[in-house]
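Undergrad: build me a model:
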Amino acid sequence: MQFRQQALSKLQSPEELDLPVRFARPQGRLVLLVTVVVMAAACLWAIKGSVSATIDAPGILTHAQGSYVLQSPVAGQITAVLAKEGQTLAADAPLLKVRTAQGDRTVRVIAAGRLTGLAATIGSVVATGADVASVERTGGPDDPLVVMVYVPGDGGAEVPVGARVDLTVQSVPSDRYGVLRGRVAAVGRAPQSSRQIAAFLGDARLAEQFSRQGRPVGVLVRLDRAPTASGYRWSSAGGPPFAVDSMTPATATVHLADRRPLDWLLP
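TA: Modelled structure (predicted):
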């Protein structure tokens, strides 16, 4: 009560009525000025500035012609394996020797390519139609690599042809050699099923991995060529001192078209 009485007495005292009213201290004016400048800059950036959006998605290095699964045309016991994984084979090249009831038969590859998987071993028994190998189709030793990126179905429509892509390759330390550079060459028209992905990659396990979050959209990325050891352009000066192989997993960061910040706020 004592403080209240003092306050009332001060208000009733007329000796300070002729003093000018102080609306704000100099420090307050400075804060107000800074606030106005910051708000003006934010409004200008929202109208004139741009935001670069990205999409991260899994992918794999391969060749544009895809792969196929080789199935045994005969049933019997494998007596010889005539090629090794990673080897490049010509069309109709012999791959296996199979002992059947009618005698020894030779299983041959269908189209020329690189042997990326071999399920058959000497002594094992195969049935007619059993998967024995996966072969990646290639046009020759100089056939360039591409990257198939599998973007979630709801994000495929946002990816424009020509967009920049940065690729973190599993076999290349990115903290030392950087990322692989490329651009979007084509975007699938519709989401792909696990079976469609397996038919292109020749690997059912990879197909299940890429479709784990639903049916993705396939995005074809062409790699930028450069006079480096790998033959492609990297974010570092020369990239890794070795070549990168097909069927190597990678993580892609797709740079979408720049958008104004105001576009994100308006409905």
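Undergrad: for the protein, what helix or strand is lowest in average pLDDT?
TA: The least trusted helix or strand in the chain, going by mean pLDDT, DSSP states H and E, turns out to be helix 261-265, with a mean of 48.
Undergrad: doesn't residue 33 belong to a helix?
TA: Yes: looking at residue 33 with DSSP: H, G, I helix; E, B strand; the rest coil, it is inside a helix.
Undergrad: that one: neighbouring residues, count only.
TA: Number of residues near residue 33 (other Cβ atoms under 10 Å) recorded here: 10. Every C-beta, even on glycine, is put in place using the N, C-alpha and C of the backbone.
Undergrad: and the helices in this protein, which stretches?
TA: Assigned by DSSP state H, the helices in the chain fall at 2-12, 26-48, 174-177, 194-201, 204-210, 261-265.
Undergrad: and stretch 236-249, end to end?
TA: Criterion Cα to Cα, to the nearest Å; first-to-last residue distance in stretch 236-249 is 20 Å.
Undergrad: does residue 228 touch residue 235 like I think?
TA: No: with contact defined as Cβ atoms under 8 Å, residue 228 does not count as touching residue 235 (11.7 Å).
Undergrad: the more surrounded of the two?
TA: Taking other Cβ under 10 Å, residue 228 and residue 235 do not tie; residue 228 has more neighbours (17 against 13).
Undergrad: distance of the more buried one relative to residue 174?
TA: Residue 228 sits 15 Å away from residue 174, going by Cβ to Cβ, to the nearest Å.
Undergrad: may I have stretch 215-232 exported as PDB, CA atoms only?
TA: Taking Å, rounded to 0.1, in the frame of the first residue of the first chain, the C-alpha atoms of stretch 215-232 are listed here in PDB:
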ATOM      1  CA  ARG A 215       6.300 -48.100 -57.100                       C
ATOM      2  CA  PRO A 216       9.000 -45.600 -58.100                       C
ATOM      3  CA  VAL A 217       9.500 -43.700 -61.300                       C
ATOM      4  CA  GLY A 218      12.600 -44.500 -63.300                       C
ATOM      5  CA  VAL A 219      14.900 -41.500 -64.100                       C
ATOM      6  CA  LEU A 220      17.700 -42.000 -66.600                       C
ATOM      7  CA  VAL A 221      20.800 -39.900 -65.900                       C
ATOM      8  CA  ARG A 222      23.600 -39.300 -68.400                       C
ATOM      9  CA  LEU A 223      27.000 -38.800 -66.900                       C
ATOM     10  CA  ASP A 224      29.200 -35.900 -67.900                       C
ATOM     11  CA  ARG A 225      32.300 -37.100 -69.700                       C
ATOM     12  CA  ALA A 226      35.700 -35.700 -68.800                       C
ATOM     13  CA  PRO A 227      39.400 -36.600 -69.400                       C
ATOM     14  CA  THR A 228      39.700 -38.300 -66.000                       C
ATOM     15  CA  ALA A 229      40.800 -41.800 -64.900                       C
ATOM     16  CA  SER A 230      37.200 -42.900 -64.700                       C
ATOM     17  CA  GLY A 231      36.200 -41.000 -67.900                       C
ATOM     18  CA  TYR A 232      33.600 -38.900 -66.100                       C
END
